[in-house]
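Undergrad: Provided below are the primary sequence and the corresponding predicted coordinates.
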Amino acid sequence: MSNSNAEKNKAIVLEAFETLFNKRDYKTAEKFWSPNYIQHSAHIEPGRDGLFNLVKAAPPSLKYEHGLILADGDHVIVHGRFSNIGLPVNWIAADVVRLKDGILVEHWDVIQDEATEQQSKSKAPMFGSAFPVYAKV
């Protein structure tokens, strides 16, 4: 795969994630996700509808931030943070997607709760250059 195809696939994934998770533009998001989308995540119901319904059920404050992104062939891996997800802590995720003809057709993920500075034995943040700030409850 040429470097330009890898860059194109990365741009598609980032635009797809921005459109769905941050803008919540479901109609536009349909152009990025195949109607036959295969979902391997244990947190999400099957198919494109399962993903879209998960986002629709999330708080309006949901935010996705991407970090490192890599592409190899038709696969793209993006390391990101899902914040304001309606849980006490953010999620840090490595999302792996497979594209076919510029459309997301398959997804796997690895998700873990984001550690605070007090919880981190390494004292390094799991995402970005700073630890999250959580409101005291």
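TA: Noted; the coordinates are in hand.

Undergrad: buried sites along the longest helix seen in the chain?
TA: Longest helix in the chain, counting residues (DSSP state H): helix 3-17. Neighbour-count burial for helix 3-17, with 16 or more other CB atoms under 10 Å as criterion, is recorded at 6, 9-10, 12-14, 16-17. For the C-beta atoms, the positions are set from N, CA and C on the backbone; glycine is no exception.

Undergrad: in this protein, which spans are strands?
TA: 33-39, 63-72, 75-83, 91-100, 103-113 (DSSP state E).

Undergrad: how far is the third one from where the chain is centred?
TA: Using CA atoms, centre = their mean, to the nearest Å, the distance from the centre of strand 75-83 to the centre of the chain it belongs to is 4 Å.

Undergrad: ok so, going back, who's in contact with the longest helix of the chain?
TA: 29, 32-33, 64, 66, 69-72, 74, 76, 78, 80, 95, 97, 99, 102, 104 (CB atoms under 8 Å, 6 or more residues apart in numbering).

Undergrad: return the members of these classed as buried.
TA: 29, 32-33, 64, 66, 69, 71, 74, 76, 78, 80, 95, 97, 99, 104.

Undergrad: ok, those residues vs residue 49, which is closest?
TA: residue 33 (9.6 Å; CB to CB).

Undergrad: related to what we said a few turns ago, lowest pLDDT pick from the buried residues of helix 3-17?
TA: Across the set of the buried residues of helix 3-17, residue 6 stands lowest in pLDDT, at 92.

Undergrad: distance check, that one against residue 104.
TA: 15 Å (CB to CB, to the nearest Å).

Undergrad: kindly report the same for residue 70.
TA: Distance from residue 70 to residue 104, by CB to CB: 16 Å.

Undergrad: ends of stretch 86-103, how far apart?
TA: 29 Å (CA to CA, to the nearest Å).
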